[in-house]
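Q: Turn this into a structure:
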Amino acid sequence: MSKPAGVAVAGVVAAIVVFWLVGFWAGLLVLVGVPAAAYLLLDPSQRRRLRGISRKQLGR
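A: Numbering: from 1, shown residues only. As a prediction, the model looks like this:
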């Protein structure tokens, strides 16, 4: 299994566990809010660099 596939499987498992433990809406808030908060914590130059990178290049 490739690294991106392993990360995807881990994400699905984490989502199932979070939904089961805290409920659907709280789990959805966590799964959407954590990446959004991480993006907002980046410096403007880091955000600009991240927007310039294609999705295919992110996994490398």
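
Q: Torsion angles phi and psi at the closest residue in space to residue 1 that isn't next to it in sequence?
A: Nearest residue to residue 1 in three dimensions, chain neighbours excluded: residue 9, at 7.5 Å (CB to CB, 6 or more residues apart in numbering). The way it works is simple: take the backbone N, C-alpha and C, and place the C-beta from them, glycine included. In terms of degrees, to the nearest 10, the main-chain angles of residue 9 are phi -60, psi -40.

Q: now residue 9: how far from residue 27?
A: From residue 9 across to residue 27, the span is 17 Å (CB to CB, to the nearest Å).

Q: out of those two, which sits in the busier spot?
A: Neighbour totals were compared for residue 9 and residue 27, and residue 27 leads with 18 against 11 (other CB atoms under 10 Å).

Q: which SSE is residue 8 in?
A: Assigned by DSSP states H and E, residue 8 belongs to helix 3-22.
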